[in-house]
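*Asks:* Everything below, folded, please.
(chains A and B)
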Protein chains: 2
Amino acid sequence: MIEQEYIRKIREQFELFGFAPIETRAVEPLTHLLKKGETDKEIYLLRRLQAEEGSGDSELGLHFDLTVPLARYVAQNQSDLQFPFKRYQIQKVWRGERPQEGRYREFYQADIDVIGQGSLPLYFDGEMPILLHAVMSSLPIPPVTIMVNNRKLMEGFYRGLGIEDIQTVLRIVDKLSKIGPEEVKAQLVKTVGVSESVAEKCLELAKIQQPDASFEADVRALGVEHPLLEEGIAELAFVMKMLERLPKGSAVANLSIARGLDYYTGTVYEGVLEGHESLGSVCSGGRYDNLIEGGRHKYPGVGVSIGLTRILVPFFAKGLLPSVRNTPTCVLVALVSEEGREMSMEVAESLRTRGIAAEVYHLPQKFGKQIRYAERKGIPYVWFPGVESDQEHEVRDIRSGEQTTAEAATWNPPEEDKISVGLMGE
Amino acid sequence: MIEQEYIRKIREQFELFGFAPIETRAVEPLTHLLKKGETDKEIYLLRRLQAEEGSGDSELGLHFDLTVPLARYVAQNQSDLQFPFKRYQIQKVWRGERPQEGRYREFYQADIDVIGQGSLPLYFDGEMPILLHAVMSSLPIPPVTIMVNNRKLMEGFYRGLGIEDIQTVLRIVDKLSKIGPEEVKAQLVKTVGVSESVAEKCLELAKIQQPDASFEADVRALGVEHPLLEEGIAELAFVMKMLERLPKGSAVANLSIARGLDYYTGTVYEGVLEGHESLGSVCSGGRYDNLIEGGRHKYPGVGVSIGLTRILVPFFAKGLLPSVRNTPTCVLVALVSEEGREMSMEVAESLRTRGIAAEVYHLPQKFGKQIRYAERKGIPYVWFPGVESDQEHEVRDIRSGEQTTAEAATWNPPEEDKISVGLMGE
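*Replies:* Got it, this is the predicted structure:
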């Protein structure tokens, strides 16, 4: 019920920003799944139990994220879509990993992406953290800090230092918060073969954190020059300028963020929950200019993914989620006698038409037993129908014991008890 | 977007009746999936791409329905659940079938079930069609006719005729609407080896259809007697009595309905859409007293499953679904100039806080181009921010061309245009 409510709120924000929902099939051809990087270990393959040997079934696998399926979807439907194409997608994904806190074999991701045809304005790179901020602050969780960086900036900086093995440097620098600065430096010298002073420069860049466009001065102070670095600085400055409208500290330029995936080409994002940094990033994403193979056109994209399960499961385990009763039912309509069943069902139906979730007790047992059923399920109200012609209906709040006369057509519980689809207050 | 809206409405009704949502993992042990009948051909098995030979991964498969996973879930969590346990579940399931109209390899099911501990009152058998009726009539589809029968009634009748191979008779009779009465009779004589007159009796029973408890007189007129038949008649009469509150014709006792699955033990249901009978049953279910292996207790259950995809896909193909615009966006906020971006973003934010979905156009292009973007996406309004200090904002309905001055904090579109989460009128 809680997960459902989180999904509803995420969906609501996505739609308020004009993103349309799609779902793609859970199953994709293995050849497509394997195209995009280092995920091959984690894929689950499928075969039909009764498939004949050599029946020509092409190899299929369960999707492990929602970006790779989106790339297939856009390439396949390019002539039917309107660009920039803005979609969101909330689905389960599967990875054959060893399960541990924050990592599961089946889990929910909630993704938003914008795909352009030919080109995609930088505006959307700035809109992503604004949307993420709106989504995350609509949920009952701690504030999220969104860290932003730019791959061109990093690559340009490294190239300006004469480094050529960019991927390896990115991979090492990305571990800064895990292994610490000394170890990053040591690995850069040992693995990439750069000098102590070049490693030191890389580390200096990675240490830069600013809540606004002032990161630029910090980068320039390091005295490195390269055209790609200029491009990256301009892009990140544009994005950070747009993010000034967010509350101070919700978005930070953090020049150590690299993201593991090879397909990012510009802006990259990573979000952590304040006070729960050990959970790792709970949302992440970036700009990918070359992921989608569209034939005649280029289809650059930018997007983020919220690791919903990664947030909910540890929070649930720690008792940090809002508590909800374990049924949507607001009113249990008691069953006075077998003859009174019709009346009880009418009361329930009348309540439901006004959005009040109601169930009829199933047997004409003693009221004490019916009330205990409501208590065990956490149903707040028990309704006692007046079955004689001159008898009034009564409704009892079983938390306070207060009992009053009532009519099914007009009685209303306080809003916080009248929960049907939504489970938590707005 | 349409599917999403149907799911929202189904969910709303399920919750109004006091059913709580759960989701189970898509993957179950093969041994469990294979326990319940004749579905083995259709299961997809999983293996990890990089699994070592003989790594001891037990065999896993994707679930092919939501009832078998529920049985596992209840058996596993019996000490934590409150009974009668009322849950709904809306998830995708997978079957390795040959795809054709109404049959897909990945599709949505929407299930509701009630599980008792020890026993489960017949009341719930009567509540299922009432709930189904409420759900189906909340959706923009033709009226559903819910056909109800009882396995005990059928089995008792056949036993009263001296027949022992009940399963085969059920299977043949269930095909009545497909193969016709003559063929049913011929198969009964040929396959089960009964006499012409016994086959005729079976056919007479199967022909009985009544909108209320009057089916009982029709059955008794056939002059067959058996204790199990009596039990079945009493159960079906109780259910049909409860269904009298539904509009005439929405529920019918149809004594040919048998349902293929072996695990049903009493009431069975099948629903068809008026005018679309060729789609087959769009919702179905029944009572299963012995499906769940709970150890110390028995866990009888009753439930129904709505074949959501089976309804939506053919209806979509035939153009019978309500049309929706292909974006949730209600207002496109135009971008006057790069300097005006801040103002445009403020307008959009202000609209969103009041539940009006809004997006900012991404580049300061000519208004004609921005309006055409709105037209292509089906966005009904374009907002022109007043960027000069004395300039008023204007909003244009691009369908009528009408343009008026407006303020972001107070302007409201008509309710039918103000769609964020919901896409169709209530």
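*Asks:* which stretches of chain A aren't confidently modelled?
*Replies:* For chain A, applying pLDDT under 70 flags the ranges A:36-41, A:52-58, A:419-426.
*Asks:* do that again at 50, thanks
*Replies:* A:421-426 (pLDDT under 50).
*Asks:* Where do the helices of it begin and end?
*Replies:* A:2-16, A:30-33, A:67-77, A:123-137, A:151-160, A:166-173, A:176-179, A:181-187, A:196-207, A:215-220, A:227-242, A:308-317, A:341-353, A:367-377 (DSSP state H).
*Asks:* want to throw these into JSON lines with mean neighbour count and distance to chain B?
*Replies:* C-betas here are computed from N, CA, C, even on glycine. What follows is these, written out as JSON lines (neighbours: other C-beta atoms under 10 Å in any protein chain shown; distance: least, C-beta to the nearest C-beta, whole Å):
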{"stretch": "helix A:2-16", "mean neighbour count": "21", "distance to chain B": "4"}
{"stretch": "helix A:30-33", "mean neighbour count": "17", "distance to chain B": "8"}
{"stretch": "helix A:67-77", "mean neighbour count": "20", "distance to chain B": "12"}
{"stretch": "helix A:123-137", "mean neighbour count": "22", "distance to chain B": "4"}
{"stretch": "helix A:151-160", "mean neighbour count": "23", "distance to chain B": "20"}
{"stretch": "helix A:166-173", "mean neighbour count": "18", "distance to chain B": "21"}
{"stretch": "helix A:176-179", "mean neighbour count": "14", "distance to chain B": "24"}
{"stretch": "helix A:181-187", "mean neighbour count": "16", "distance to chain B": "26"}
{"stretch": "helix A:196-207", "mean neighbour count": "18", "distance to chain B": "29"}
{"stretch": "helix A:215-220", "mean neighbour count": "17", "distance to chain B": "19"}
{"stretch": "helix A:227-242", "mean neighbour count": "19", "distance to chain B": "8"}
{"stretch": "helix A:308-317", "mean neighbour count": "18", "distance to chain B": "11"}
{"stretch": "helix A:341-353", "mean neighbour count": "20", "distance to chain B": "4"}
{"stretch": "helix A:367-377", "mean neighbour count": "16", "distance to chain B": "5"}
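*Asks:* Present these as JSON lines; the columns should include distance to A:Arg87.
*Replies:* Conversion of the helices of chain A to JSON lines gives the following (distance: least, C-beta to C-beta, whole Å):
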{"stretch": "helix A:2-16", "distance to A:Arg87": "9"}
{"stretch": "helix A:30-33", "distance to A:Arg87": "18"}
{"stretch": "helix A:67-77", "distance to A:Arg87": "7"}
{"stretch": "helix A:123-137", "distance to A:Arg87": "13"}
{"stretch": "helix A:151-160", "distance to A:Arg87": "23"}
{"stretch": "helix A:166-173", "distance to A:Arg87": "28"}
{"stretch": "helix A:176-179", "distance to A:Arg87": "32"}
{"stretch": "helix A:181-187", "distance to A:Arg87": "37"}
{"stretch": "helix A:196-207", "distance to A:Arg87": "33"}
{"stretch": "helix A:215-220", "distance to A:Arg87": "31"}
{"stretch": "helix A:227-242", "distance to A:Arg87": "21"}
{"stretch": "helix A:308-317", "distance to A:Arg87": "17"}
{"stretch": "helix A:341-353", "distance to A:Arg87": "34"}
{"stretch": "helix A:367-377", "distance to A:Arg87": "39"}
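*Asks:* neighbours around A:Glu23, how many?
*Replies:* 17 (other C-beta atoms under 10 Å in any protein chain shown).
*Asks:* Now do the contacts for the residue nearest to it when sequence neighbours are not counted.
*Replies:* With C-beta to C-beta, 6 or more residues apart in numbering or on different chains as the criterion, A:Glu23 has its nearest non-adjacent residue at 5.8 Å, and that residue is A:Gln91. By C-beta atoms under 8 Å, 6 or more residues apart in numbering or on different chains, the contact set of A:Gln91 is A:23-24, A:26, A:66, A:108-109.
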